[in-house]
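In: For reference, the sequence and a predicted model appear below.
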Amino acid sequence: MKPLSLAALAALALASCRNLPSAIPDVPPQVEGGATAQLARLNPNDIVVAPVEFAAEGLTVPGAILRTAAADALVAHRYAPLSVEFVDGTLPPGAQAGVMEASYRPGTLGEDAVLRTVVHQWDTSNWRSRRSLTVDLEFVMESPSSAQGVLWTARCTRRFDLSNEVRLEVNEQARWKAACDAVLAWTFSGLPDREVQAFAD
């Protein structure tokens, strides 16, 4: 038997790589939840990102940055979050900073859906030494109509090592923005992209 040429070996290697199953799951295994049939049926566009809710008192969370990161994560999946400033104009004084219970009344702005963010844990004990963050975050996208109900949920409980994501940032606010963007991009990876309808000429 003749030995295989280098070109033949390369071709075999390439073919074997193509046949390997992906090791990356569609949804991170540490994220619970998922989309309901109503999400595809409703295909919401305009989304209100409600103020961050805290499940316990005493949590020190960059709520405004986390809320902005949630809006950015929606944009990455082709949704259209309404301006935070526009939404906050409908809220009672003091509600913008985050409250124990939801402060936004669904349907006020004629939106298609509301995204709620609930922080159950936000542990920064290793943030300054290791840029490590342990979180328990819950996200619920729901229709303003009780008939439509919940469209999508995600519950993320894990530790994130974010030294690479924040190492080039020059101040703490920028580091928190980079950290929140990374955590939410990962958590929202299972959110189905919105189906954009093409208009006929």
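Out: Looks like it came in fine.

In: going forward, measure contacts between C-alpha atoms and count neighbours the same way
Out: OK.

In: so where is this protein shaky, pLDDT-wise?
Out: Counting by pLDDT under 70, the chain shows low-confidence ranges at 1-30, 93-104, 147, 198-201.

In: The helix or strand hosting Trp176 - contacts with which helices or strands?
Out: Element membership for Trp176 (DSSP states H and E) is helix 172-187. Using 3 or more C-alpha pairs under 8 Å, 6 or more residues apart in numbering; DSSP states H and E as the contact test, the elements touching helix 172-187 are helix 63-76, strand 150-161, helix 163-166.

In: for it, which positions count as buried?
Out: By neighbour count with 16 or more other C-alpha atoms under 10 Å, helix 172-187 contains the buried residues 175-185, 187.

In: Let me have these in CSV, extended by distance to Leu151.
Out: Converted to CSV, those look like this (distance: C-alpha to C-alpha, whole Å):
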residue, distance to Leu151
Arg175, 31
Trp176, 28
Lys177, 27
Ala178, 27
Ala179, 26
Cys180, 23
Asp181, 22
Ala182, 23
Val183, 21
Leu184, 18
Ala185, 19
Thr187, 16
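
In: how much space between the residue nearest to Ala35 when sequence neighbours are not counted and Ser145?
Out: Once flanking residues are discounted, Ala35 sits nearest to Trp152: 4.2 Å by C-alpha to C-alpha, 6 or more residues apart in numbering. Applying C-alpha to C-alpha, to the nearest Å, one obtains 14 Å for the distance of Trp152 from Ser145.

In: Mind putting the helices and strands packed on helix 172-187 into JSON lines with distance to Gly33 and mean neighbour count?
Out: Shown next, in JSON lines, are the helices and strands packed on helix 172-187 (distance: least, C-alpha to C-alpha, whole Å; neighbours: other C-alpha atoms under 10 Å):
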{"stretch": "helix 63-76", "distance to Gly33": "17", "mean neighbour count": "20"}
{"stretch": "strand 150-161", "distance to Gly33": "5", "mean neighbour count": "19"}
{"stretch": "helix 163-166", "distance to Gly33": "26", "mean neighbour count": "15"}
